[in-house]
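1. Based on what follows, work out the 3D shape:
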Amino acid sequence: MTVPICPICSGMEFREFRGRKNAWCASCHSLERTRYIWLYLKKLNILNRGSVVFHFGPEKGVSDKIAEIVDAHNYYPLDLFPQTYTANKVLPYTFDICNDIAHEPDSSVDIIIANHILEHLPVSVDWVIAEFARLLKPAGSMILSVPMASNPATVEDLSELPKEERIRRFGQEDHWRVFGWQEFPAMLERVLATETIVRRDEHFTHEDLSRAAIPVETVGHPTSNTLFHFVKSERSSKRFEWRTGGRLAKLRA
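-> Down below sits the predicted model:
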């Protein structure tokens, strides 16, 4: 039997979280999706001291690891509520994707990480994805995951629903949608003009995942732990470029 070890902090104590056995690392508080994205980043080996990284909703374990690798002037942990990340080595900057992303310059970021972020945004997800792509430098990477329903279609409502109704329909009071396992990948392919699903068995064995307390996907379609990875090509760069503003770089100057 494989004894799980957290790939982020090397912790060996895992606890149940929302009915999921061994989901929560008692040491770094990582969840399955957090550990998976760190394994994937290590596998890609794309982080280096000079990488400009936008990390939305910077999970502590992964954020601390990135901060050890990337130069302090290049790592941007970002969140609308930075006060919730006081334990992170690098405290996030206040950033509202809905209003601030459009003011960041074209082709200025090497890596964008958004792990379970898109469900919180009361704007068009297509627009956010296009904005993320616009920010990437050629050969830059966008790595995403989202909460995924067992239904193929995405369900969304941007109206002012009561808190209880939003919890009932989307799982949390601050969620505006729940993504469909068929519709979300199709949307990404439509906006980005390429397939983006990361197929686990092409990168990791079942043993790799079990050792990191990451469940093996058996349902045959994307789930809440599935990663999506877009690499911006030289050819696709022009279709996403139109802004030249920017404020975040000034914060590090």
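
2. residue contacts, the closest residue to V146 other than its chain neighbours?
-> Using Cβ to Cβ, 6 or more residues apart in numbering and skipping residues adjacent in sequence, the residue nearest V146 is F179, 4.7 Å away. The way it works is simple: take the backbone N, C-alpha and C, and place the C-beta from them, glycine included. Shown in contact with F179 (Cβ atoms under 8 Å, 6 or more residues apart in numbering): 118-119, 146-149, 154.

3. try L39
-> Contact partners of L39, counting by Cβ under 8 Å, 6+ apart, are 7, 204, 208, 212, 214.

4. In stretch 46-63, which residues are buried?
-> For stretch 46-63, the neighbour count (16 or more other Cβ atoms under 10 Å) marks 46-47, 51-63 as buried.

5. Just the CA coordinates for it, please, in PDB.
-> The C-alpha coordinates for stretch 46-63 follow below in PDB (Å, rounded to 0.1, in the frame of the first residue of the first chain):
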ATOM      1  CA  ILE A  46       9.100  26.000 -16.600                       C
ATOM      2  CA  LEU A  47       9.700  28.000 -13.400                       C
ATOM      3  CA  ASN A  48      13.000  29.900 -13.100                       C
ATOM      4  CA  ARG A  49      14.300  33.000 -11.500                       C
ATOM      5  CA  GLY A  50      13.500  35.200 -14.400                       C
ATOM      6  CA  SER A  51       9.900  33.900 -14.900                       C
ATOM      7  CA  VAL A  52       7.200  36.600 -14.500                       C
ATOM      8  CA  VAL A  53       4.300  34.700 -12.800                       C
ATOM      9  CA  PHE A  54       0.800  35.900 -12.100                       C
ATOM     10  CA  HIS A  55      -0.700  33.500  -9.500                       C
ATOM     11  CA  PHE A  56      -4.300  34.200  -8.800                       C
ATOM     12  CA  GLY A  57      -5.700  33.000  -5.500                       C
ATOM     13  CA  PRO A  58      -2.200  32.000  -4.400                       C
ATOM     14  CA  GLU A  59      -2.500  28.800  -2.400                       C
ATOM     15  CA  LYS A  60       0.000  28.900   0.400                       C
ATOM     16  CA  GLY A  61       2.000  25.800  -0.300                       C
ATOM     17  CA  VAL A  62       2.400  26.400  -4.100                       C
ATOM     18  CA  SER A  63       2.900  30.100  -3.500                       C
END
